[in-house]
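Peer 1: I would like to see how this sequence folds:
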Amino acid sequence: MNVPIVHATVRFSGHVQGVGFRYATLQVAKEYEVAGFVKNEPDGTVLVEAEGRKAEVDGFIAAIGERMHGHVRKMDRMQQTRAAVFQGFEIR
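Peer 2: As a prediction, the model looks like this:
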């Protein structure tokens with residue numbers, strides 16, 4: 001039986017493509033117990049899907065914002081609790 005965990009969908013906008021955002025996000029993910037992915041979207045935003053314990057997901061998202069603060073103009077976040085669906089963290 002899967003234990004419900006926090007799942008966050010975060011869309012970063014600003015100057016977030018072509019600046020190493022996905023690679024930096026992957027590096028940050030190694031510091032937290034999170035699973036999911038990061039990918040560039042056609043509209044110029046970067047999408048991050050992350051799941052794990054609430055404190056881990058919150059810390060991970062905050063760390064991305066801190067690491068890439070000079071590039072992020074806006075961050076839209078939705079969060080829900082559900083069963084885990086990801087294994088590991090990857091760039092898509």
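Peer 1: what sits opposite the most centrally placed residue in the chain in the beta ladder?
Peer 2: The centroid of the chain falls nearest to residue 48 when counting by C-alpha atoms, centre = their mean (3.5 Å). For residue 48, the beta-bridge partners under DSSP bridges are residue 10, residue 38.
Peer 1: that one reaches residue 61, doesn't it?
Peer 2: Yes. Assessed by C-beta atoms under 8 Å, residue 48 is found in contact with residue 61 at 7.4 Å. C-beta coordinates here come from the backbone N, C-alpha and C atoms, glycine included.
Peer 1: joint contacts of the two?
Peer 2: 8, 10 (C-beta atoms under 8 Å, 6 or more residues apart in numbering).
Peer 1: quick revisit: mind listing what the residue nearest to the centre of the chain touches?
Peer 2: Counted by C-beta under 8 Å, 6+ apart, residue 48 has contacts 8-12, 25, 36-38, 61, 64.
Peer 1: also residue 80?
Peer 2: Residue 80 is in contact with 6-7, counting by C-beta under 8 Å, 6+ apart.
Peer 1: quick one: it from residue 89, how far?
Peer 2: Distance, residue 80 to residue 89, using C-beta to C-beta, to the nearest Å: 19 Å.
Peer 1: one more: residue 35?
Peer 2: From residue 35 across to residue 89, the span is 6 Å (C-beta to C-beta).
Peer 1: joint contacts of these two?
Peer 2: Common contacts of residue 35 and residue 89 (C-beta under 8 Å, 6+ apart): residue 50.
Peer 1: helix or strand for residue 26, which one?
Peer 2: Take DSSP states H and E as the rule and residue 26 turns out to sit in helix 21-29.
Peer 1: so for that helix, what gets flagged as buried?
Peer 2: 21-22, 24-25, 28-29 (16 or more other C-beta atoms under 10 Å).
Peer 1: repeat for stretch 84-92
Peer 2: Within stretch 84-92, the residues scored as buried using 16+ other C-beta under 10 Å are 86, 89.
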